[in-house]
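K.L.:
The following comprises the amino acid sequence and a computationally predicted model.
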Amino acid sequence: MHRRDFLTLSTTSLGATLLTQCSSSRSNPITQNASPIATTVAAELYQSQNGQLDLALEARPSVLKIGNQSSDLLSYSGRIPGPRIEAKPGDRVRLKFRNALASPTNLHFHGLHIPPTRPADNPFLRIAPGDQTTYEFTIPQDHPSVTAYYHPHLHGYVAQQIFGGLGGIFVVRGALDQIPEVQAAQEEFLFLKDFDLSQNFNSRSGHMGMQMIGREGNVLTINGQIAPRIKLTKGLLRLRIVNASTSRFYRLALEKHSLYLIATDAGAIEQPRELSELLLSPGERAEVLIKADQGAGQYRLLNLPYERAAMGMGRGMMGRGMMGEPDNRSTTNVLATLSYEEDVQPQALPDKLIPVSRLAKPSTQRQFTMNHGMAPGQGMVFLINGRPFAPDRVDTQVKLGSVEDWEIINTGVMDHPFHLHTNRFQIIEQNGQPVATPMWKDTVLVKTGESVKIRVAFQDYPGKTVYHCHILDHEDLGMMGIIEMMA
Ligand SMILES: [Cu+2]
């Protein structure tokens, strides 16, 4: 029962048989972008020492190689993905940030429960080209273990800057990392990002049609590499996966292996759940364990087809397909190859993970309807409750300490992943059906024509922040609202 609830929520409800079908089906050719070039390379790592983490980060234009092709990209300190940042509850983080881009920018710490105000996670901060600022915050003592994601968040520039390459992983280590079976696993990070290397940088924003559907690139990477090989030296693999793409969805499956989900965006679940596939929309993260129990061999990590717009919509009205872009709708891609040899012995899964507390009954119910419309002189705009984003308007006021239920309804023709900053939430209902498995999320996919009810406890931090669609072209085109948390 619980398992079924979960599967309908986080996957496209297709069974394990799909794996063999898509490997052999002619209408679903598997494309491999290039021959595998390397094993995964860990991103440069900044770890806290004695409760303090000091680092400098610069957003800058960079010529970097993706596969064999050098390209004009954007990076944090010359790296794609940006340096991996790791801290622990109680740590003080001080991040000196410089903007060497040609456009204004800022940083959002997606998945961290820290103040939404300056100098922490303020999405309204505008750092002009050439300027610098210091971000400074403390990871709360009770912060969960998470795989968080830092990226630019200045309205109007987000999609282009993320599509250019900006983004990195921010890990908070804690109780989940100390579970013996999890600790004994081989840990790998998968930072999923698509690129358009075919044109010069400034023309890559795509025509308006691509922005409407949400721009996608035809080069798929993991940690900046095309089809990397991951060699297992242990019998249990822990994958910490971030969808860091601007718009692309990933529907992941590993040949012959189940994925055992252990954590969603904003924390661990209570016990591992077996999945045949995992759907991640932009901004979502997940952690899965994989048992090396299928015999020595090579197994492909696949990205299965997924349609994120109502039938025909992407091809006709929005101009996708006219671009000649390979898309997710009919193609299975090989994202990586996992391999292990005979001497790798399967290791046990943990029985129990971390309790997920049930939130109190809500004092307030709200509805948020996501749709799109035409605005005079602007063309298509993306709307929440009929309004596009306005920087000077507070859309939603909540009281700190209260619990609220939000029903998010998608009446448009495209899927929209809904993200709330600062406070994580639980999914209570999907299309009117209760969701029995408690899990912590900060981004939830609301498919076209569907509705999701989430429950949020507003904790700790007063101030203004935002909620928005995490297809970042949609966010830039207006699908964002301002929330003020009142002390
Ligand atoms: Cu959207």
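P.N.:
Yep, that arrived.
K.L.:
what helices or strands is the helix or strand containing residue 237 leaning on?
P.N.:
In this structure, residue 237 sits in strand 236-243 according to DSSP states H and E. Helices and strands touching strand 236-243, by 3 or more Cβ pairs under 8 Å, 6 or more residues apart in numbering; DSSP states H and E, are strand 146-151, strand 168-172, strand 186-195, strand 278-280, strand 285-291. C-betas here are computed from N, CA, C, even on glycine.
K.L.:
Is it possible to get TSV of those strands that adds distance to the ion, mean neighbour count and mean pLDDT?
P.N.:
TSV is the format used below for the helices and strands packed on strand 236-243 (distance: least, Cβ to the ion, whole Å; neighbours: other Cβ atoms under 10 Å; pLDDT from 0 to 100):
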stretch	distance to the ion	mean neighbour count	mean pLDDT
strand 146-151	16	26	98
strand 168-172	23	24	98
strand 186-195	16	22	96
strand 278-280	15	22	98
strand 285-291	18	24	98
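K.L.:
Dump those strands to JSON lines, plus distance to residue 334.
P.N.:
Shown next, in JSON lines, are the helices and strands packed on strand 236-243 (distance: least, Cβ to Cβ, whole Å):
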{"stretch": "strand 146-151", "distance to residue 334": "23"}
{"stretch": "strand 168-172", "distance to residue 334": "23"}
{"stretch": "strand 186-195", "distance to residue 334": "13"}
{"stretch": "strand 278-280", "distance to residue 334": "16"}
{"stretch": "strand 285-291", "distance to residue 334": "16"}
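K.L.:
Between these, which one is closest to residue 244.
P.N.:
Nearest to residue 244 among these is strand 186-195 (4.7 Å), distances taken as Cβ to Cβ.
K.L.:
Remind me what the closest one packs against, helices and strands.
P.N.:
If contacts are counted by 3+ Cβ pairs under 8 Å, 6+ apart, strand 186-195 sits against strand 168-172, strand 219-222, strand 236-243, strand 332-340.
K.L.:
export those to CSV and tack on distance to residue 105?
P.N.:
Converted to CSV, the helices and strands packed on strand 186-195 look like this (distance: least, Cβ to Cβ, whole Å):
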stretch, distance to residue 105
strand 168-172, 14
strand 219-222, 22
strand 236-243, 19
strand 332-340, 28
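K.L.:
and the spatially closest residue to residue 446 that is not a sequence neighbour, what does it touch?
P.N.:
Once flanking residues are discounted, residue 446 sits nearest to residue 410: 4.3 Å by Cβ to Cβ, 6 or more residues apart in numbering. Residue 410 sits next to 369-371, 416, 446-451 when contact means Cβ atoms under 8 Å, 6 or more residues apart in numbering.
K.L.:
Type out the ChimeraX command that picks the buried ones from the residues you listed.
P.N.:
Those of these that count as buried under 16 or more other Cβ atoms under 10 Å are selected in ChimeraX with:
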select :370,371,416,446,447,448,450,451
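K.L.:
Got the domain ranges for this protein?
P.N.:
For the chain, automatic domain parsing gives the domain ranges 2-37+178-340, 45-174, 364-486.
K.L.:
and those, which one's lowest on average pLDDT?
P.N.:
In terms of average pLDDT, domain 2-37+178-340 trails the rest of those, at a mean of 78.
K.L.:
Spatially nearest residue to the residue positioned nearest the centre of the chain, not counting backbone neighbours?
P.N.:
Centroid-nearest residue in the chain: residue 283, 2.3 Å away (criterion: Cα atoms, centre = their mean). Among residues not flanking residue 283 along the chain, residue 470 sits closest, at 3.6 Å (Cβ to Cβ, 6+ apart).
K.L.:
Kindly report the same for residue 163.
P.N.:
For residue 163, the spatially nearest residue (Cβ to Cβ, 6+ apart) is residue 246, at 4.5 Å.
K.L.:
measure the residue nearest to residue 283 to the ion for me?
P.N.:
7 Å (Cβ to the ion, to the nearest Å).
K.L.:
got the contact list for that residue?
P.N.:
281-284, 417-419, 443.
K.L.:
To residue 353, which of the domains of the chain lies closest?
P.N.:
That would be domain 2-37+178-340 among the domains of the chain, by Cβ to Cβ, at 4.6 Å.
K.L.:
before we move on, back to that, got JSON lines for the domains of the chain, with distance to residue 357 too?
P.N.:
Formatted as JSON lines, the domains of the chain follow (distance: least, Cβ to Cβ, whole Å):
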{"stretch": "domain 2-37+178-340", "distance to residue 357": "10"}
{"stretch": "domain 45-174", "distance to residue 357": "11"}
{"stretch": "domain 364-486", "distance to residue 357": "8"}
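K.L.:
Out of the ones you listed, flag the one nearest residue 349.
P.N.:
domain 2-37+178-340 (5.2 Å).
K.L.:
where's residue 176, which helix or strand?
P.N.:
Per DSSP H and E: helix 175-178 holds residue 176.
K.L.:
Which positions in that helix come out as buried?
P.N.:
For helix 175-178, the neighbour count (16+ other Cβ under 10 Å) marks residue 176 as buried.
K.L.:
on contacts alone, who are the packing partners of it?
P.N.:
Partner elements for helix 175-178 (3+ Cβ pairs under 8 Å, 6+ apart): strand 267-275.
K.L.:
For this protein, which residues are neighbours of the ion?
P.N.:
For the chain, the residues in contact with the ion (Cβ under 5 Å from the ion) are 416, 469, 471, 474.
K.L.:
if you set the cut-off to 8 Å instead, what comes out?
P.N.:
Within the chain, the residues that sit near the ion (Cβ under 8 Å from the ion) are 214, 370, 382, 412, 414-417, 469-471, 473-475, 479.
K.L.:
List the residues that contact residue 429.
P.N.:
407, 435, 451-453.
K.L.:
now residue 157
P.N.:
So residue 157 contacts 103-105, 476 (Cβ under 8 Å, 6+ apart).
K.L.:
if you set the cut-off to 10 Å instead, what comes out?
P.N.:
Contact partners of residue 157, counting by Cβ atoms under 10 Å, 6 or more residues apart in numbering, are 101, 103-106, 126, 164, 472, 476.
K.L.:
Over to residue 337?
P.N.:
Contacts of residue 337 (Cβ under 10 Å, 6+ apart): 32, 36, 227-231, 255, 298-301.
K.L.:
Now for those residues: which two are most distant?
P.N.:
The farthest-apart pair in these, when distances are taken by Cβ to Cβ, is 32 and 231, at 18.2 Å.
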